[in-house]
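Colleague: attaching a predicted model along with its sequence, questions to come.
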Amino acid sequence: MRPDTAWKLSTRLLFGQMYEDVEIERRAFIPGCRVFCIASAGCTAIALSSNHQVTAVDLNPAQIEYARGRAAGKERQWGLLDRLMRAERHALLFAGWTPSRLERFLRFDDCAEQLAFWQANLNTLRFRNAFDFKLACDGIVLRLLTPDRGLPLLTLGGIFRRRLERGFARHPNNTNPYAHRLFGRGLTPSGLPAASSIRFETANAVEFLQAMPANSFDAFSLSNIADAAASTFRLQLIQAVKHAASPSAVAVLRSFHEPENSVEAECAARDRAMLWGSIQVVPARELR
């Protein structure tokens, strides 16, 4: 039987770093508020902990152990998905993705110049064919393992290449740490360890929120945990968030899926990680 969410499939460390721009949350959350956060690799929780009360929850005990260590100042590690991405980037050498070209690309501080360089030197026919084929295969595997039906398998490559181009046209590479992460230029430092304590919990996010008293949190950073999940899980998540939310609480929910409106599209475009199709930044009571 398939799980209601793909995140139940592993107890290994999957993410050594996150591809979610914490500035989205920083702009949305009032300083000092009580934040519920999906732990993942700990990047968002640590960044928010300097001026928020953060509770970080993850279903995967390996991620909680790792995130807790990161908050205590331990060095970053490569997670399973980080290693897979690194191997796939190495395979793109045949498409002209040489280390020198990537280094030059990441030094651009003019968006028009970097977009032109991308089109001329990196977004080649060989790259497009390899990238599109690989993402289509990944999508088939995902569909076999999870109930997700939202992403079109055969056009994933084109969708994600358009998102990258949207980001290159908007965010200068030289000052974008997420571009450096995406192109594998090492595990970038996360700054000082958390300035205040973070509450870490190994738990199902829905069950954890359902067990909390009403009015427990003022903000929710939910990553994209509703992706690759059954529709029932998403509904349960939304109900659990609304149960634990204060009257003025704000929620941030990312998704690889295409946006339902221009507001979600614009929020996704502001995220410097450049991967997201839709980001809801809404009052918790309006989450859908």
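Modeller: Good, I have the coordinates. Numbering: from 1, shown residues only.

Colleague: quick check: which element contains Ala269?
Modeller: Element membership of Ala269, judged by DSSP states H and E, is helix 262-270.

Colleague: likewise for Leu135?
Modeller: Assigning secondary structure by DSSP H and E places Leu135 in helix 125-145.

Colleague: average pLDDT across that helix?
Modeller: Mean pLDDT, helix 125-145: 77.

Colleague: Cys43: neighbour count?
Modeller: Residues near Cys43, counting by other C-beta atoms under 10 Å, number 24. All C-beta atoms are positioned from the backbone trio N, CA, C, and that covers glycine.

Colleague: and the nearest residue to it once chain neighbours are set aside, how many neighbours?
Modeller: Closest residue to Cys43 apart from its sequence neighbours, by C-beta to C-beta, 6 or more residues apart in numbering: Met18 at 4.1 Å. Met18: 22 surrounding residues under other C-beta under 10 Å.

Colleague: residues contacting Met18?
Modeller: Counting by C-beta atoms under 8 Å, 6 or more residues apart in numbering, Met18 touches Ser40, Ala41, Gly42, Cys43, Thr44, Ser223.

Colleague: repeat that for Phe94.
Modeller: Taking C-beta under 8 Å, 6+ apart as the test, what Phe94 contacts is Arg126, Ala130.

Colleague: so it lies in a strand, does it not?
Modeller: No. Under DSSP: H, G, I helix; E, B strand; the rest coil, Phe94 falls outside any strand and is assigned helix.

Colleague: where in this protein is pLDDT low?
Modeller: Low-confidence segments of the chain, defined by pLDDT under 70: 1-10, 139-154, 186-196.

Colleague: domain-wise, how is it divided?
Modeller: Domain assignment for the chain by automatic domain parsing gives 6-78+192-286, 80-182.

Colleague: would you mind measuring from the residue nearest to Cys43 to Leu253?
Modeller: In this view, Met18 and Leu253 are 15 Å apart by C-beta to C-beta, to the nearest Å.

Colleague: quick one: Leu164 and Ala273 touch, right?
Modeller: No. Contact between Leu164 and Ala273 fails when scored by C-beta atoms under 8 Å: they sit 10.4 Å apart.

Colleague: burial of Gly69, as a residue count?
Modeller: The burial count for Gly69: 15, using other C-beta under 10 Å.

Colleague: pull the distance from the longest strand along the chain to the chain's centre.
Modeller: Looking across the chain with DSSP state E, the single longest strand is strand 245-255. Offset of strand 245-255 from its chain centre (C-alpha atoms, centre = their mean, to the nearest Å): 16 Å.

Colleague: stretch 43-59 now?
Modeller: For stretch 43-59, the separation from the chain centroid amounts to 14 Å (computed by C-alpha atoms, centre = their mean).

Colleague: cool, thanks, talk later.
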